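Chemist: got a predicted structure here, sequence first:
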Amino acid sequence: MSVASGMKPSQLGGPSFRSAPARLAVSTRWRLPISCSTSSTPETFVRIYWDLDNIKPPAKLKACTNDIVRALKETVAEAASEGLGRQIAAGTVELHGHCNCHTIQQLSKELKHALLTQEGNSLSTAIPDRKEVVDQDIIASMLRFAGEHRSDACVGLISSDQGFAKALRYCRSLDCHTVVACKGRPYSGKACSMKWGRQPLQAAADAALSWDALLDAVRDGESPTAALLQEHDAEPESAAGMG
């Protein structure tokens, strides 16, 4: 599978970046496209990649599925607005879910409905039923998206798989703003846990979002943006560093 700037998944390093034969990297995607904007302002591209094999909403919150999807888009839109220097509407944010054939059978009908019917959303399944093929699909799409849109884009990732860190750093090297949502809680009362924010995946992105804090906010009817940590100091991955 081809990726941005001629990079191959096998060059990225780490177990989640192993290249699979092309015949194995087959994906099935359903998508409703976002309507084109006629605005004279610079076009902005914001897309969230959701690793559903790694993170999915708990069954006890399935009734809040639409609220979770809305909160994810609103929070990433806010981070993108800050990073890109212009206002991003949550309604323009795309949400692409990726999983294997086993995981898709475990998803709630509410989540499937949100990903298959809401504008700008999609759901992809990888064949064969192996996680590394799903990871490869996400990485290839992320790098291609970042390479196409660069400083006009924001890439979001929902996963706690640390193997995606190098891909996020490479997206940053292309001047693409990056946001990651991971499990864990960066705050204890009013104190901020620097250990959470310095994990490789969180530190690789421009902004990090606590998945658990976002779920708490949705459950309690509060603003999810308090779960967002911004301004990481990690250097982006250079093109040379991807070899």
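Modeler: Thanks, I have the structure now.

Chemist: make it CA atoms for all contacts and neighbour counts henceforth
Modeler: Noted.

Chemist: could you pull out the helices for this structure?
Modeler: Along the chain, counting by DSSP state H, helices occupy 65-84, 101-106, 109-117, 131-149, 165-173, 194-197, 200-204, 211-220.

Chemist: would you turn those helices into CSV with distance to Val46, mean neighbour count and mean pLDDT?
Modeler: Below are the helices of the chain laid out as CSV (distance: least, Cα to Cα, whole Å; neighbours: other Cα atoms under 10 Å; pLDDT from 0 to 100):
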stretch, distance to Val46, mean neighbour count, mean pLDDT
helix 65-84, 8, 21, 94
helix 101-106, 24, 14, 90
helix 109-117, 16, 17, 94
helix 131-149, 10, 22, 94
helix 165-173, 13, 25, 97
helix 194-197, 22, 16, 74
helix 200-204, 18, 24, 93
helix 211-220, 19, 19, 91
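
Chemist: nearest to Arg185 among those would be which one?
Modeler: With Cα to Cα, the closest approach to Arg185 among these belongs to helix 211-220: 6.3 Å.

Chemist: nearest to Gly184, out of the helices of the chain?
Modeler: With Cα to Cα as the criterion, Gly184 lies closest to helix 211-220 of those, at 5.9 Å.

Chemist: closest to the centroid, which residue in this structure?
Modeler: Centroid-nearest residue in the chain, with Cα atoms, centre = their mean: Leu157, separated by 1.7 Å.

Chemist: partners of it in the sheet?
Modeler: For Leu157, the residues forming beta bridges with it (DSSP bridges) are Tyr49, Val180.

Chemist: quick one: contacts for it?
Modeler: Applying Cα atoms under 8 Å, 6 or more residues apart in numbering, we find Leu157 in contact with 48-51, 179-181.

Chemist: buried ones among the residues you listed?
Modeler: 48-51, 179-181 (16 or more other Cα atoms under 10 Å).

Chemist: between which two of those residues is the distance greatest?
Modeler: Asp51 and Val179 (13.7 Å).

Chemist: number of nearby residues for Glu43?
Modeler: By the criterion of other Cα atoms under 10 Å, Glu43 has 12 neighbours.
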